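structure here, sequence nowhere to be found:
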């Protein structure tokens, strides 16, 4: 590995590198931006991968329902991962 920027020198993925920095912290907004980069959504729309976006729409609706029913304490609550399958149903 060279010192000019090999993946092991800089750390990859970046989250592993950042997690080793003493006193680091990321805001909720920064974490959201990292997970939900606009270019990812644009690529899915341009390539007609609408089903890949379905789970995000359901998660957004779930957050709205939780906030409406549980108040502000439910805002930005963590919801576990959902394995997306081709014909998944939320009924």
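Right, received. Where do you want to start? Note that the coordinates shown come from a computational prediction; the quantities given were computed from them, not determined experimentally. Numbering: from 1, shown residues only.

from here on, contacts and neighbour counts on C-alpha atoms
OK.

state the distance from residue 34 to residue 60.
17 Å (C-alpha to C-alpha, to the nearest Å).

how many residues are close by the nearest residue to residue 44 once chain neighbours are set aside?
Spatial nearest neighbour of residue 44, excluding adjacent residues (C-alpha to C-alpha, 6 or more residues apart in numbering): residue 50 at 6.6 Å. Counted with other C-alpha atoms under 10 Å, the neighbours of residue 50 add up to 12.

now the phi/psi pair for residue 50, please.
With angles defined as degrees, to the nearest 10, residue 50 sits at phi -60, psi -30.

same deal with residue 58?
Phi and psi for residue 58, reported as degrees, to the nearest 10, are phi -70, psi -40.

distance check, it against residue 24.
Taking C-alpha to C-alpha, one finds residue 58 at 32 Å from residue 24.

report pLDDT for residue 47.
At residue 47, the model reports a pLDDT of 92.

for residue 19, same thing?
Looking at residue 19, its pLDDT is 74.

go on, the one 5 residues further on?
Model confidence at residue 24, given as pLDDT, is 78.
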